Each structure stands twice: as C-alpha cells, then as structure tokens.
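Here's my sequence, what's the structure:
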Amino acid sequence: MLETIYKYLETLQEQVKHLPHPQQAILIKTVETLSTSLQEMATSRQFESATNNAAKLVEAENLNRLLERTVAQQAAQLRKLQEQLNEEINQHRRDNKALTKSEAKLQAALRNSPDIITIVGSDGRVRYHSAALERVLGYKPEERIGKIHGELIHPDDLLSWKAYFGKLLEFPGVGATIEYRTRHADGSWIYLESIGNSLLHDSSVQGILIASREIEGRKQAESALLESQRHYKIMSQITSDFAYSFKALPNGNFVCEWVTEALARVSGHLPEELTASGWWSSDIVHPDDREMLIKQLEGCTSRGMGVNEYRIVNKNGGVRWVRDCWQAVWDKTEGRVVRLWGACQEITDRKQVELKLQLVNKVWQAQIASAPLAINCTGNDGRTLVWNRAAEELFGWTAAEVLGQPLPNIPEGQKQDFYALLKSAGNGKPENGLEVSLPKKDGSSIDLWLWAAPVQDAGGETVGSINIFSDLSERKRIEDERQKLASLKNMEEPFWARYVSPAKTKKKNGDN
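As a prediction, this is how the structure comes out:
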C-alpha cells in the first residue's frame, strides 16, 4: 500500500512542475506533508503491532483516497490552466503580429512622407527625426538626435519659434502653424511651415510632435508677386490711371490696403482717405452706380475677373467716368475671396464722345425711319441691319420679317450680281442712280433707282452699305408719254388724219 502511495506522490510531483507558481507552492507543501507522514508511519515502532497496522492501513487508505481526489482536482485545474495559458500565448502572438504589421506601415509612411516628423522633448532636444530630414535639409536623422531643435533656426525667426514652443509646453494639444527659416546642411536657408502637437502627457510619446514641410517654392512665388505688385504700383503712380488693392474680410467688407497717388488727380481724394473702406461703399462713387457695383462684387467667386464702368464724384462735385478692371483672389483654405486687385482708367472724354455719338445715332435713326424713300442697310455678311417704314410700304415686307436676314427682294438669278454691287459700294465705290428692277412681296416687280454707299465704324473699317431706293414707275410712265408725243410730232400727216375715212377724203378732194 505504501508503495502505491509513493507512486502517486511521484506522479503528483511531476505534474506540480507545470502549474503556475502560486498553485505549485500550495501543492508542494501538501505533498511534502504527506511524504513526511508516510516516512513517520514507515519508521514507527508501533507499526509492527497488528492492531496498529490495521488502524494505520485504514488511515492510509483514507489518506490515499483523499490524495487521489486532490490529485484529480489538481490535474483538472492544471488542464484548465494549461488551456488558458495556450489561449493567452496565441493571443499574444496575434497581437505581436498585428503590432509588427502596424509598425511596418508606420515606418513605411514615415520613410516616404514628404513632411519631416520630429519629436522634441520638453528640454527642446530632438528625440526623433523621420527620413525626410535628409531629403529636405541634408542631415542624417541620427546626426540630429539629442541636439537642440532651435539651433538650426534663423536668428531673425528664433524669437517667434521660442514663443511658439513655449505655448506648446504650456498648453497640450495641436497648436497653430508657424513659418520660419532653417539652415540647410549646405549652409543655405530653407523656409519651413510647421505645426506642433503637444503630447507630453501621452505615455507613448512624452514629447512634442512637430510636422514640417518645405515651402521655399511658395515663398519665392509670394516674394515675386510682392515685387511685381511693387513694380506695378510704381508704374501706376507715374500714369494718369490708378491701381488699388483691397483686403476682403470674412464678414464681406473690404479694407483698402493701398491705392496709388493718381487717385488724387482723378477724384481729388487722397489714398489715405480710403484706408478704412472700399470706395464703392463710400460717397466717392456716384449714387446711381453704387448698387450695381456692389452687387457685381458680391457675386464674384473663385479667381473671378470683371470690368465695370461707373462714375466718380470728385470733391468739387464734378463727375468723372472710370473703367475699372479688377481681379478677385480666391483662397482655397478659407473658401472665399480674400483680396481684390484692380486698375482704373479715366474714360470721361470717351464717354462724352460716346454720348454724342449716341445722340447722332438716334438722330440718324429718326431720319431714316421718317425718310420718304425706301432705305435699308446690309452688313458685310449680307444680312439686313436697317429696314425703314418706306421700305415696308414699297416692297411689302415688314421690318420684323427682314431684319437679321438676307434681303428678301433679290431674285435668285441676280443675287450674285446684286451682292457684288453692294460689296463694291462697301469698298468705297458708291453707286449713284443705278436702274434696277426688283420683286415685291405680292410677286409683282417694280422699277427703281438705287443709290448705295459704304457704312464705316469709328475706326474707319467698312461694316456694310446703305441702300436707298426711289420708285421709277411714275417716271417711266411720264417718259413713255413723252416719247409718244415726240413720235407724233415727227409724223408727215396731221395726227387727226388717222381718225378720217379715205372715202370722205377723196370726195372732198374731187369737189375741189
């Protein structure tokens, strides 16, 4: 019996090695206690007596059963713990695999990112630089680890950087963007735009994360633009025209940034008088033109351009016309127009000439409309531009039927010759008193006198011809009667002889 118990103890001791440490300690202590008890039983002198042997055997049997139950319970618990351990090991492997994959993606993103990713400690020393540092600034990342981040910043920008870094130390979270110059490995200065995120309280970072990108190209473009504006402003100052720049505020108002001095020569107002507003919202613009101008500016989107002509009221009350060519500057980040550039040219003299021309044109149109002769105008393309009331009465077609269309009263067989005639007149060879026969809307024909002359624009370019028609029908009838009378005068016998019979004539001659 003791040998069986010893075997169980040996088996139990082997299984104890696979248990977690807390369970091992408990079970080892129990096994040691049982082993000690068995040894005492084996060495005891009283064990030789039969009575004592029987009691000991009963006790040993009970102990054996207890031990078997304990071993079975411990074995079941051991299997359960082994299963849990295997599951934890598998989960740990899965987590490690996912973590490794995630780290690989992060490293790939950092290696290929055009931005420089930097982690700076609270002491201002660099703890990490991404690979973009070498591409942008020419330094190897490991060379800069442990160095002060601000030692590469341009002296003129260092103060603003220190203030920016101080705010990141004081306030956790993402800060605003900042622009500064950083020294390249070759000694040149490169413009960077950076944004910081204070993660000092994040146990996984414990630093300030800074993302920086090169903006050298943008800065050069801005510098070139400012230089161009300066040149344009200087050129505008020495001309009679004036230029301006207005900043558009988020509330829709415009604030004058600058206006060239030529404004004073046109309006009598000094540039500094407009620094608080745009002139289209002030008394400088004629009241009748102000609303039109404001509506057009409110409707401009993206990089819109526009041209306006409006009146300016100068200080002495005089009115001057200007032609305003403007350009709206759209900012994608803010999603709105942020600036308005423009150049104004005084066109008062031109406007006065235009008004006179408009008056002359109205008089000319009234004369044509009331003329007793049929008049039409044709463009270089042969289309009808003018068709007066006398033409409607003479030919039968109304102006609504003819305007914008080729002349309707030219026979098919004569169109080529007729338009060649008008083209010849348009080229400076007027036709005076040309006799033509043209059809009317009712299908009948009418004989006409045609006068054709070129029509020229303000630049002297021929744009068509004006054609005047006079009815020849009555004149032809009178001419026919005249020819008949002339033929009667040339007859040998008197005209009344045709009305006397020959017999009566002979009888009369015999009587004589």
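
Which helix runs longest in the chain?
In the chain, ranked by residue count with DSSP state H as the criterion, the top helix is helix 50-112.

tell me the angle of the helix or strand just after it relative to helix 50-112?
The first helix or strand that comes after helix 50-112 along the chain, using DSSP states H and E, is strand 116-120. If you take axes from the mean of the first three to the mean of the last three CA atoms, to 10 degrees, strand 116-120 sits at 130 degrees to helix 50-112.

Mind listing the strands the helix or strand just after strand 116-120 pairs with, and their directions?
Heading C-terminal from strand 116-120, the first helix or strand you meet, by DSSP H and E, is strand 126-129. Strand 126-129 pairs in its sheet with strand 116-120 (antiparallel), by DSSP bridges.

Can you point out the buried residues in stretch 115-129?
For stretch 115-129, a neighbour-count test (16 or more other CB atoms under 10 Å) marks 115-120, 126-129 as buried. The way it works is simple: take the backbone N, C-alpha and C, and place the C-beta from them, glycine included.

Quick check: end-to-end length of it?
11 Å (CA to CA, to the nearest Å).

Name the surrounding residues that touch that stretch.
Residues outside stretch 115-129 that contact it (CB atoms under 8 Å, 6 or more residues apart in numbering) are 110, 130, 132-133, 136-137, 139, 141, 144-150, 165, 169, 192, 200, 205-213.

number of nearby residues for Leu438?
19 (other CB atoms under 10 Å).

how is this protein carved up into domains?
The domain map for the chain lists 2-93, 113-214, 226-346, 364-471, with the assignment taken from automatic domain parsing.

JSON lines for those domains, including distance to Gln483 and mean pLDDT?
Formatted as JSON lines, the domains of the chain follow (distance: least, CB to CB, whole Å; pLDDT from 0 to 100):
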{"stretch": "domain 2-93", "distance to Gln483": "127", "mean pLDDT": "70"}
{"stretch": "domain 113-214", "distance to Gln483": "99", "mean pLDDT": "91"}
{"stretch": "domain 226-346", "distance to Gln483": "63", "mean pLDDT": "77"}
{"stretch": "domain 364-471", "distance to Gln483": "15", "mean pLDDT": "82"}
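
Export those as TSV, with columns for distance to Glu354.
TSV is the format used below for those (distance: least, CB to CB, whole Å):
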stretch	distance to Glu354
domain 2-93	87
domain 113-214	50
domain 226-346	9
domain 364-471	10
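
mind listing the helices for the stretch 101-250 of the chain?
Chain-ordered helices for the stretch 101-250 of the chain, with DSSP state H, counting those that start in this stretch as the definition, fall at 132-137, 141-144, 155-170, 216-237.

what's near enough to touch Gly138?
184-186.

how much space is there between it and Leu152?
11 Å (CB to CB, to the nearest Å).

if we can go back for a sec, out of the contacts of stretch 115-129, which are buried?
110, 130, 132-133, 136-137, 139, 141, 144, 149, 165, 192, 207-213.

list the contacts for the closest residue in space to Val455 that isn't next to it in sequence?
Spatially, and ignoring its direct neighbours in sequence, Val455 is nearest to Gly464 (4.9 Å; CB to CB, 6 or more residues apart in numbering). Going by CB under 8 Å, 6+ apart, Gly464 touches 377-380, 385, 426, 454-455.

Turn the residues you listed into CSV, including distance to Lys29, secondary structure and neighbour count.
Shown next, in CSV, are these (distance: CB to CB, whole Å; DSSP: H, G, I helix; E, B strand; the rest coil; neighbours: other CB atoms under 10 Å):
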residue, distance to Lys29, secondary structure, neighbour count
Cys377, 125, strand, 17
Thr378, 125, strand, 25
Gly379, 120, strand, 14
Asn380, 120, coil, 14
Leu385, 121, strand, 16
Gly426, 127, helix, 23
Pro454, 129, strand, 18
Val455, 125, strand, 17
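
Show me the two of those residues that sit farthest apart.
Leu385 and Pro454 (13.3 Å; CB to CB).

from the contacts of Gly464, which is closest to Lys219?
Asn380 (54.0 Å).

Helices of the stretch 251-400 of the chain, start to end?
Going by DSSP H, counting those that start in this stretch, the stretch 251-400 of the chain shows helices at 262-267, 287-298, 348-370, 389-395, 399-402.

Quick check: Trp321 vs Ser188, distance?
Taking CB to CB, one finds Trp321 at 52 Å from Ser188.

same question, Leu67
85 Å.

More neighbours: these two, which one.
For Leu67 versus Ser188, the count of surrounding residues by other CB under 10 Å is larger for Leu67: 18 against 12.

Quick check: that one vs Val363, distance?
Distance from Leu67 to Val363, counting by CB to CB: 134 Å.

thinking again about what came up before, what's the closest of the domains of the chain to Gln358?
Among the domains of the chain, the nearest to Gln358 by CB to CB is domain 364-471 (10.4 Å).

now the closest one, how far from the centre of its chain.
Counting by CA atoms, centre = their mean, to the nearest Å, domain 364-471 is centred 50 Å from the centre of its parent chain.

Can you get me the start-to-end distance on that domain?
Using CA to CA, the two ends of domain 364-471 sit 22 Å apart.

I am finished for the moment; much appreciated.
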